[in-house]
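Colleague: Give me coordinates for this.
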Amino acid sequence: MPRFECTVCEAGFDVPQESLDRFPGWEPKYCRTHSPTNKKKSKKKSASRRRGKSSGRDEKLTCAEVLAKYTEGERDGVFTDGSAIPNPGPGGWGVVWVADGEIVAQGHGSEGDTTNNRMELQALIEAYKLLPEDAEVTVHSDSRLCVDTITKWAPNWERNGWKKKGGEIKNLARVQELLRLYRAHPHARLKWIEAHAGHRWNEFADCLAGAWQRDEL
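Modeller: Numbering: from 1, shown residues only. Predicted coordinates:
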């Protein structure tokens, strides 16, 4: 089945040959999530979230304000986030490690010219650097692309000489570093978490990732 790469999130996706044959010359550019046909659905979902729990990024809260506002979610683990505003553009990453609801360690940083995906990857790199190699903990990322890259695709790319069918591997150096760190921490499970759903420490990591935009952390 022919494989393409989404121009928005850079994720690979497959399209049946019979679908391509029906529209000669058509080159798919969007995965299912970012297809223009899903815009109405996305707008409804965004409106629903705004009526419920809005994100710290949208509200530009300080980290102290995030902790005061959000109380739900897991009390243990490492939580990461990264973003660029606009994308591409300046951006930042954030990571926080918590145990029983208390912060063990945290960090954040920024780059002047970057992308969402680069910052998500960098946040995970910094997360694994925080951890001892024998740490038994779950590392959370709200980037499904990054989680799938490390847990599913990167090992295959490595076996193929760091090549993939869809063309170049974007952010290759960061992918390689993250894969090495992921393997060096065999008990630190990497898991996707939904973004901006009211999870306290995901919101806190998001706040750290946006610290470069504020005078106060």
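
Colleague: Surely Gly112 and Pro90 touch.
Modeller: Yes - using Cβ atoms under 8 Å, Gly112 is in contact with Pro90, at 5.3 Å. C-beta here means a position set from N, CA and C on the backbone, and glycine is covered the same way.

Colleague: any idea how far the residue nearest in space to the middle of the chain lies from Leu190?
Modeller: Most central in the chain under Cα atoms, centre = their mean is Ser143, positioned 2.4 Å from the mean C-alpha point. According to Cβ to Cβ, to the nearest Å, Ser143 stands 11 Å off from Leu190.

Colleague: mind giving me the domain ranges of the protein?
Modeller: Domain assignment for the chain, taken from automatic domain parsing, gives 3-40, 55-213.

Colleague: Can you add mean pLDDT and give these back as TSV?
Modeller: Below are the domains of the chain laid out as TSV (pLDDT from 0 to 100):
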stretch	mean pLDDT
domain 3-40	67
domain 55-213	95
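
Colleague: Which element, helix or strand, includes Leu145?
Modeller: Using DSSP states H and E, Leu145 sits in helix 144-148.

Colleague: Check which element follows that helix along the chain.
Modeller: Assigned by DSSP H and E, the successor of helix 144-148 is helix 154-159.

Colleague: Against Ala205, how distant is Glu136?
Modeller: 20 Å.

Colleague: ok, these two, which is more surrounded?
Modeller: Taking other Cβ atoms under 10 Å, Glu136 and Ala205 do not tie; Ala205 has more neighbours (32 against 10).

Colleague: Quick check: buried residues in stretch 102-113?
Modeller: By 16 or more other Cβ atoms under 10 Å, the buried positions in stretch 102-113 come out as Gln106, Gly107, His108, Gly109, Ser110, Glu111.
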